[in-house]
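1. Sequence plus predicted model, see below.
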Amino acid sequence: MMKKENIVDLSHRIKLGQEHFKLETKVVDVTTVLPQVTHRPDVWYMLGEVTYCTHVGTHIEVPFHHNRHGADVADFPFRQLIGPLVVLDFRHKKPGEPISLRELKVHEKKIHPGDIVVFWTGMDRSYRTERWNDQPHLTIEANQWLVDTKIGCLGSDAAGLEVPGTDYQPNHQALMNAGIPMIESLTNLEAVSSGDWIVFALPLPIEGLEASPLRVIAIPREELHGV
């Protein structure tokens, strides 16, 4: 039987009034939205409405983000977002510093086609601060090596891994053109930095969107045996 206490949540909690992107919520009695519905005065029966930017919180960016012909979050193959987790420790990198191909290939034996490869930068500690966008970045060559390896998904606990100072987002373009999504602003990576983990990263299937907040969970592989 799976020990559910071993499941790790890799997503930031989304807090009203504290995010860097738009988030508005409203919870009202059901009769406000559906006047035809009746209930006794002592019955708590609420409906909520949410307006948010698709990049709020821990979120995934799918090919439509940078490829007009790419899959949106509804059409993106969800099976690609379930797979082995590979956590690469680059916490020694400072904001603005590059992660080179040579440095990345130190971890070459860990990385296989279909893997969900996540960069552990420690930058999640700056989430909800004025330094929320601090991040190291992948060089174009390092990013392309991951594309050529045919990983299933790229992730980071920072706000991204894009090359700074460009006007065409080369890393995003290469990933999206290859059908590889990116998850930004993960957290709790220290809990999954060792061991063998399977990740589930599933956005709501809303048609026409290029990105979506999501809940990312990791489960020890041994817990899935016999499930």
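-> Thanks, I have it.
2. and the nearest residue to Q144 once chain neighbours are set aside, what does it touch?
-> The shortest distance from Q144 to any non-neighbouring residue, by CB to CB, 6 or more residues apart in numbering, is to A174 (5.8 Å). In short, each C-beta sits where N, CA and C put it, glycine included. With contacts defined as CB atoms under 8 Å, 6 or more residues apart in numbering, A174 is in contact with I140, N143, Q144, V147.
3. What is the neighbour count of the third one?
-> Spelled out, it's Q144. By other CB atoms under 10 Å, the residues close to Q144 number 17.
4. repeat for the second one
-> The number of residues packed around N143, counting by other CB under 10 Å, is 25.
5. What helix or strand is it located in?
-> Of the helices and strands defined by DSSP states H and E, N143 is found in helix 140-149.
6. mind checking how far that helix is from the chain centre?
-> Distance of helix 140-149 from the chain centroid (CA atoms, centre = their mean, to the nearest Å) equals 19 Å.
7. Enumerate the positions of it that are buried.
-> Buried residues in helix 140-149, defined by neighbour count with 16 or more other CB atoms under 10 Å: I140, A142, N143, Q144, W145, L146, V147, T149.
8. Nearest to D89, out of these: which one, please.
-> When the buried residues of helix 140-149 are compared for distance to D89 (CB to CB), A142 wins out at 15.2 Å.
9. Tell me the bridge partners for S212.
-> For S212, the beta-bridge assignment (DSSP bridges) gives partners I60.
10. Neighbours of it, how many?
-> Neighbours of S212 (other CB under 10 Å): 23.
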